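Chemist: Attaching a predicted model along with its sequence, questions to come.
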Amino acid sequence: MDILLASTFRLDGLNRFTRGGGLGLADSDCGGATQYVWRQGRHDVVVERDGDSWKVVSTTTSRLFGPRHVLYEARHKFARNAAWDVMACVIRASRNEDEGVNAGRDAARWMVERCVPNA
């Protein structure tokens with residue numbers, strides 16, 4: 001029950017499930033959502049546009065759902081490198097290569113939908 005309450009508490013702005021159990025943002029137009037979020041259990045991987053680069057952050061909580069710990073943070077000039085980074089972070093978090101590939105594809109699709117020229 002605690003996991004259910006904690007996970008619903010963190011569902012800020014998320015409104016659809018992506019393939020494989022992670023959560024992502026539903027946005028089909030070019031100007032809506034500001035982040036792509038993959039979430040499974042205690043792990044979050046977030047991609048967002050930060051100026052002229054893409055920022056990828058992987059975070060997790062402790063067993064008692066304490067403060068978030070940043071496991072990995074990187075900035076990429078090109079969207080394809082950020083998508084590769086999302087794939088690697090998801091594989092590391094989920095220990096499932098198929099889940100990582102699907103998350104990388106979804107992140108790349110989201111970046112293209114953002115209508116950014118270097119995607």
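Modeler: Alright, I've got the coordinates. Residues are numbered from 1 along each chain as shown.
Chemist: When you work out contacts or count neighbours from here on, use the C-alpha atoms and nothing else.
Modeler: Fine.
Chemist: now residue 77: how far from residue 110?
Modeler: Per C-alpha to C-alpha, to the nearest Å, residue 77 is found 16 Å from residue 110.
Chemist: same thing with residue 69?
Modeler: 25 Å.
Chemist: So those two - more neighbours on which side?
Modeler: In this view residue 69 and residue 110 are compared by other C-alpha atoms under 10 Å, and residue 110 has more residues nearby, 24 against 12.
Chemist: Give me the buried positions along the host helix or strand of the more buried one.
Modeler: Taking DSSP states H and E as the criterion, residue 110 maps to helix 97-113. By 16 or more other C-alpha atoms under 10 Å, the buried positions in helix 97-113 come out as 99-108, 110-113.
Chemist: Residue 36 is in contact with residue 48, isn't it?
Modeler: Yes. Counting by C-alpha atoms under 8 Å, residue 48 is a contact partner of residue 36 at 6.5 Å.
Chemist: out of the two, which sits in the more crowded spot?
Modeler: Neighbour tally, residue 36 and residue 48, criterion other C-alpha under 10 Å: the higher count belongs to residue 36, 24 against 19.
Chemist: Okay, now the sheet partners of the helix or strand encompassing that one, with direction.
Modeler: In this assignment (DSSP H and E), residue 36 forms part of strand 35-40. Counting by DSSP bridges, the strands paired with strand 35-40 are strand 43-50 (antiparallel).
Chemist: What lies in contact with the strand it pairs with?
Modeler: Residues outside strand 43-50 that contact it (C-alpha atoms under 8 Å, 6 or more residues apart in numbering) are 34-39, 54-61, 82, 86, 89-90, 93, 107.
Chemist: Good, wrapping up.
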